[in-house]
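**Student:** Could you look at this predicted model? Sequence included:
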Amino acid sequence: MTILPEMLSQIAIEFVKQRTKSFAQNDFGNFVRHDVAIEAKKHLLYLPYELTVKASVGSGNWAAVPWLGYFDPLITDTATRGFYVVYLINAQTEEIFLSLNQGTTETYREFGELRGREVLRRRAIDLSERAPEYSNLFDLKHINLGSAESLPLGYEAGHSFGRKYQAGNIESQNFFSDLENMFAAYEALVNRGGTLPTAAMNEEAGTNDIEETRRYVLSRRIERAPNIRKRVLEKRGTVCEACALDPVRHLNYTGPLKNTPLEIHHARPISGMAEGESRRYKIPDDFIILCPTCHRLIHRQVDPANLVQLKNLINFSYGPK
Ligand SMILES: [Zn+2]
Ligand SMILES: [Zn+2]
């Protein structure tokens, strides 16, 4: 269990030298992208939810800052948007920063670079304040990535809280307990709405109750995550489970499965779940396939997991009489 800190140290120590070589077909680049990512995944086996892992030294060109990121598919699958857990490496000082950080590229695209960094700094504070019992376990001070390039300046601005390690001198027990705490912090932030302002969440959920709002937002995120939707559709079929609308038969739908005009409904009563309680969803058991109309209706029920109640409410004009 000591190999990940050693690999990160190796990246930090060798990066400056490797950067002078050609990027294409570079063994070191392959080591980071493949070996480091595979090693990093091993530490996710016991987590009760899924995270995707990516390690990068740049795409097409050497990056200023190599990184290893962990992404919750409910929030993002890329380092360019959303918020996520990442190791950022300052190759000049050979320092490694564990960081709760944010997508720089998309923020720059919306606000421009200077304003974008202001926005990232503000959201970084919001994130640490939304999970104070976790952010308090970490350092909140500014990180220095040793580069004046646009992306690293964005990573510095987007840093919410984390830990600094010196390459070659990482105490592995601390390293792994930090990582475990960081995953718990990430999960809490996902459950609590991340960077979404409370007022916007309340409006979407149609209630001012904060717990209810958070559960609603989480449930909708689960339903909208493309990778979850795809797997549920593949396993549960493509007919509305309430009214029996079959887009292929009834609407002459001929497009790809992923675009079928059906929605996935997260039917596990998330209202009964305590925050942080085990797995957020089971595929496909916790889901129901519904057409948009039935989906709206079921969300208006007192118990939005009760399919029988919904079936009693509607008239089966598609299914067998
Ligand atoms: Zn329906
Ligand atoms: Zn739903």
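**Tutor:** All right, it came through fine. Ligands and ions are numbered 1, 2, ... in the order given.

**Student:** and the closest residue to ligand 1 within the stretch 1-150 of the chain, how far is that from Ile210?
**Tutor:** Using CB to the ion, the closest approach of the stretch 1-150 of the chain to ligand 1 is made by Leu74 at 25.0 Å. (Each C-beta comes from the backbone N, C-alpha and C, glycine too.) As defined by CB to CB, to the nearest Å, Leu74 lies at a distance of 19 Å from Ile210.

**Student:** more crowded one of those two?
**Tutor:** Leu74 (23 against 14; other CB atoms under 10 Å).

**Student:** Surely that one is in contact with Val190?
**Tutor:** Yes - Leu74 sits in contact with Val190 when judged by CB atoms under 8 Å, with a separation of 5.7 Å.

**Student:** joint contacts of these two?
**Tutor:** In terms of CB atoms under 8 Å, 6 or more residues apart in numbering, Leu74 and Val190 are both contacted by the residues 218, 221.

**Student:** ok now do the most centrally placed residue in the chain, which residues does it touch?
**Tutor:** When the chain is reduced to its mean C-alpha position, the nearest residue by CA atoms, centre = their mean turns out to be Asp72, at 2.4 Å. Contacts for Asp72 (CB under 8 Å, 6+ apart) come out as 49-51, 84, 186-187, 190.

**Student:** Helices of the stretch 1-150 of the chain, start to end?
**Tutor:** Secondary structure of the stretch 1-150 of the chain (DSSP state H, counting those that start in this stretch): helices located at 3-18, 27-30, 37-42, 104-111, 113-130, 132-135, 150-158.

**Student:** Present those as a markdown table; the columns should include mean pLDDT.
**Tutor:** A markdown table is the format used below for these (pLDDT from 0 to 100):
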| stretch | mean pLDDT |
| --- | --- |
| helix 3-18 | 96 |
| helix 27-30 | 93 |
| helix 37-42 | 93 |
| helix 104-111 | 97 |
| helix 113-130 | 97 |
| helix 132-135 | 97 |
| helix 150-158 | 97 |
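
**Student:** Deepest in the core, which of these is it.
**Tutor:** When the helices of the stretch 1-150 of the chain are scored by mean count of other CB atoms under 10 Å, the highest mean neighbour count falls to helix 150-158 (a mean of 22).

**Student:** Show residues contacting that helix.
**Tutor:** So helix 150-158 is contacted by 63-65, 67, 83, 86, 88, 99, 101-105, 107-108, 113, 116-118, 120-121, 123-124, 142-147 (CB under 8 Å, 6+ apart).

**Student:** Alpha carbons of it, in CSV - could you do that?
**Tutor:** Listed in CSV are the C-alpha atoms of helix 150-158, where the atom choice follows Å, rounded to 0.1, in the frame of the first residue of the first chain:
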residue,chain,number,x,y,z
SER,A,150,-3.1,30.1,-17.4
LEU,A,151,-4.3,26.6,-16.3
PRO,A,152,-2.0,26.3,-13.2
LEU,A,153,-3.1,29.8,-12.1
GLY,A,154,-6.7,28.5,-12.4
TYR,A,155,-5.8,25.4,-10.3
GLU,A,156,-4.3,27.7,-7.6
ALA,A,157,-7.5,29.8,-7.6
GLY,A,158,-9.7,26.7,-7.6
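
**Student:** starting at the chain centroid, how far to it?
**Tutor:** Relative to the centre of its chain, helix 150-158 is centred 19 Å away, using CA atoms, centre = their mean, to the nearest Å.

**Student:** quick check: angle from it to helix 113-130?
**Tutor:** When axes from the mean of the first three to the mean of the last three CA atoms, to 10 degrees is applied, the directions of helix 150-158 and helix 113-130 differ by 30 degrees.

**Student:** Perfect, I'm done here.
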